[in-house]
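**Q** can you look at this prediction? I've put the sequence above it.
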Amino acid sequence: MPDRPRRRLSALTIGVGVAAAVAVILVIVLIITLLRTGPSVPPIAGPPSSGGAPSSPSVARPTAQPADCPDVEVIAVPGTWESKSNDNPLHPTANPNSLMLKMTAPLQSAYPESRLETWTTPYVAQFSNPVAIPPDGQASYTASREEGDRKTRAQITQVYAKCPLTSFILTGFSQGAVIAGDIASDIGNGRGPIPAENVIGVGLIADARRVPGEANVVGPNPPGVGAEVAFAGLDIGGLTLRGKRTGGFGTLARRTWSLCGEHDPICNEPTNVFDINAMSSTLPKLQSILTANSHALYATTKDWSYHGESAVAWLEHWTSDLVAGAPRPKHD
């Protein structure tokens with residue numbers, strides 16, 4: 001009789017541990033499965049959508065820049081398995097079905113190089129299974145993300161050093177949205193490679209660090225958070241999930257747009273995944289996500305649409321609007 005409380009406590013502890021372990025295993029499988037972007041269909045055409053406007057410069061700026069500087073630099077960061085480290089950033093060919101390529105290709109055709117340069121981050125863009133035996137030979141999520149971040153920042157820094165009046169638009173999908181969003185967060189909070197006034201827009205599709213309310217929303221507005229936020233602190237075999245961005249997007253919040261489908265758990269995870277009292281409802285939800293998800297469908301209107309447009313079509317038209325209205329600096 002005296003041992004019953006201890007036995008109940010032990011049983012409860014074991015139950016909690018098992019539930020937590022199941023949740024961790026599910027999220028590992030979940031993220032590995034869902035970051036596989038897969039083939040997509042051409043975007044649906046539609047009228048342009050409006051974006052945000054830049055803030056007033058906070059520091060003295062030059063009055064002109066070199067003649068070969070573009071007026072606008074669009075940075076596009078592809079998702080997992082949509083790029084390679086040796087890809088051509090000006091004319092990427094690593095993955096012809098890349099979601100970001102469906103946005104940048106029409107833009108390149110619509111504007112001369114003097115007005116717009118589109119630069120696609122060439123990085124390994126992989127996501128290894130941290131518990132695979134034997135190892136699957138892929139780069140880890142952390143290593144891949146760090147390479148993409150490093151190369152993107154280097155390009156932004158290099159262009160700004162030569163072309164201080166060039167306007168930047170940062171865009172990304174999936175793992176690329178995490179990278180572009182992290183850089184935008186640093187810029188908006190005074191930690192980045194360029195002043196915030198040089199960034200006229202940030203467009204993120206399926207951001208794994210998404211937090212509702214931190215950016216503008218168009219189309220669906222799911223109540224959940226990104227997988228890196230829901231499972232913050234998970235660190236196993238090169239899979240490191242960091243939680244929310246410090247300071248959100250700072251002064252770039254009003255110029256940042258976050259697109260997320262209702263059934264995409266990369267950007268719309270339950271906020272109470274590790275709440276023991278909610279395990280009975282969250283675990284079945286996580287399991288169902290493994291067989292029903294929309295992460296690879298942003299070039300369609302099956303789970304995300306706005307006035308008949310797919311997410312990639314909206315992003316293209318929004319970007320084109322920003323380019324059309326961007327400043328036209330004088331050139332030396």
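**A** Cool, got the structure. Residues are numbered from 1 along each chain as shown.
**Q** number of residues surrounding Ser305?
**A** 18 (other Cβ atoms under 10 Å). No exception for glycine: its C-beta is placed from N, CA and C like everyone else's.
**Q** so how far is Asn129 from the residue nearest to it when sequence neighbours are not counted?
**A** Sequence neighbours aside, Gly219 is the residue nearest to Ser305 in space, at 6.4 Å (criterion: Cβ to Cβ, 6 or more residues apart in numbering). Per Cβ to Cβ, to the nearest Å, Gly219 is found 32 Å from Asn129.
**Q** buried sites along stretch 252-267?
**A** 252-253, 255-261, 263-267 (16 or more other Cβ atoms under 10 Å).
**Q** quick one: it to chain centroid distance?
**A** How far stretch 252-267 lies from its chain's middle: 8 Å, per Cα atoms, centre = their mean, to the nearest Å.
**Q** for stretch 154-162, same thing?
**A** Worked out by Cα atoms, centre = their mean, stretch 154-162 lies 21 Å from the chain centre.
**Q** which residues sit against that stretch?
**A** Stretch 154-162 is contacted by residues 65-66, 69, 73, 75, 89, 119, 121, 166, 168, 183, 193-194, 198 when judged by Cβ atoms under 8 Å, 6 or more residues apart in numbering.
**Q** mind listing which of the residues you listed are in strands?
**A** The strands, defined by DSSP state E, take in Gln65, Glu73, Ile75, Trp119, Phe168 from these.
**Q** now for those residues: which two are most distant?
**A** Gln65 and Ile75 (18.0 Å; Cβ to Cβ).
**Q** those two: which has the busier surroundings?
**A** Legend: neighbour count by other Cβ under 10 Å for Gln65 and Ile75, higher for Ile75 (28 against 19).
**Q** quick one: the more buried one from Gly224, how far?
**A** Distance, Ile75 to Gly224, using Cβ to Cβ: 27 Å.
**Q** need the strands for the chain, in chain order.
**A** 64-65, 72-77, 116-120, 167-173, 199-205, 216-217, 235-236, 239-240, 256-259, 330-331.
**Q** the fourth one packs against which elements?
**A** The contact analysis (3 or more Cβ pairs under 8 Å, 6 or more residues apart in numbering; DSSP states H and E) places strand 167-173 against strand 72-77, helix 99-110, helix 141-162, helix 175-188, strand 199-205, helix 311-325.
**Q** so it versus helix 99-110, what angle?
**A** 150 degrees (axes from the mean of the first three to the mean of the last three Cα atoms, to 10 degrees).
**Q** in its sheet, which strands sit next to strand 167-173, and in what direction?
**A** strand 72-77 (parallel), strand 199-205 (parallel) (DSSP bridges).
**Q** could I get these as JSON lines with mean pLDDT and distance to Ser109?
**A** Conversion of those to JSON lines gives the following (pLDDT from 0 to 100; distance: least, Cβ to Cβ, whole Å):
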{"stretch": "strand 72-77", "mean pLDDT": "98", "distance to Ser109": "13"}
{"stretch": "strand 199-205", "mean pLDDT": "98", "distance to Ser109": "19"}
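**Q** hmm, back to that, so the residue nearest to Ser305 touches Trp304, yeah?
**A** Yes - assessed by Cβ atoms under 8 Å, Gly219 is found in contact with Trp304 at 5.4 Å.
**Q** more crowded one of these two?
**A** Neighbour count, other Cβ under 10 Å: between Gly219 and Trp304, Trp304 has more, with 27 against 20.
**Q** which residues touch the closest residue to that one other than its chain neighbours?
**A** Closest residue to Trp304 in three dimensions, ignoring its sequence neighbours and counting by Cβ to Cβ, 6+ apart: Gly261, at 4.2 Å. The neighbours of Gly261, taking Cβ under 8 Å, 6+ apart as the test, are Ala206, Pro220, Pro222, Cys267, Asn268, Ser294, His295, Leu297, Tyr298, Asp303, Trp304, Ala311.
**Q** apply 7 Å and report the result again.
**A** By Cβ atoms under 7 Å, 6 or more residues apart in numbering, the contact list for Gly261 reads Pro220, Ser294, Asp303, Trp304.
**Q** spatially central residue in this structure, please.
**A** Ala177 (1.3 Å; Cα atoms, centre = their mean).
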